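S.K.: okay, predicted coordinates and the sequence, questions at the end:
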Amino acid sequence: MAALWCFIVVVCCVWTVSGEEVEYSLGGSEVTEIPTDIPLNVTHLYIHNTLISELGSRAFSRFQNLIYLDLQYNPVSVIADDAFSGTLIEILGLYAINIGPSLPDLSSIASTLKALVL
């Protein structure tokens with residue numbers, strides 16, 4: 001009896017607007033860098049289960065209204081010191097990523113950061 005294996009890659013991009021909040025969600029894809037089609041006025045950004053391994057210099061700076069960033073379950077191992085510069089991030093989710101024993105430099109969002117989820 002032959003075994004039949006089926007692999008499903010789920011790519012999910014959801015963009016919703018509610019009042020003044022703009023949410024963008026991306027999960028389960030083979031994306032290796034921050035997508036360029038994210039709306040510039042995004043306030044809540046969810047990027048889960050991708051192949052993004054590095055957050056470069058000013059990776060999120062074009063999202064000046066960004067207050068919530070969730071990057072859980074990504075193989076991120078390098079985060080530039082200024083990756084979050086130019087944002088207003090209040091809640092940063094870095095749960096289940098591979099950043100090692102030390103946290104990235106969060107001084108660029110120190111004045112707005114209210115919660116760090118590890």
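M.R.: Looks like it came in fine. Since the structure is predicted, the reported quantities are computational estimates derived from the model, not experimental observations.
S.K.: so which residues of this structure form strands?
M.R.: For the chain, strands defined by DSSP state E occupy the ranges 12-18, 21-27, 44-48, 54-55, 68-70, 78-79, 91-93, 115-117.
S.K.: to S61, which of those strands lies closest?
M.R.: Closest to S61 of the strands of the chain is strand 54-55 (Cβ to Cβ; 11.3 Å). C-betas here are computed from N, CA, C, even on glycine.
S.K.: adjacent strands (with direction) for the closest one?
M.R.: In the sheet, strand 54-55 lines up against strand 78-79 (parallel) (DSSP bridges).
S.K.: can you name the residues that contact the most centrally placed residue in the chain?
M.R.: The chain has L71 as the residue nearest its centroid, 3.7 Å off, counting by Cα atoms, centre = their mean. L71 makes contacts with I47, H48, I52, L55, L92, G93, L94, I97, as judged by Cβ atoms under 8 Å, 6 or more residues apart in numbering.
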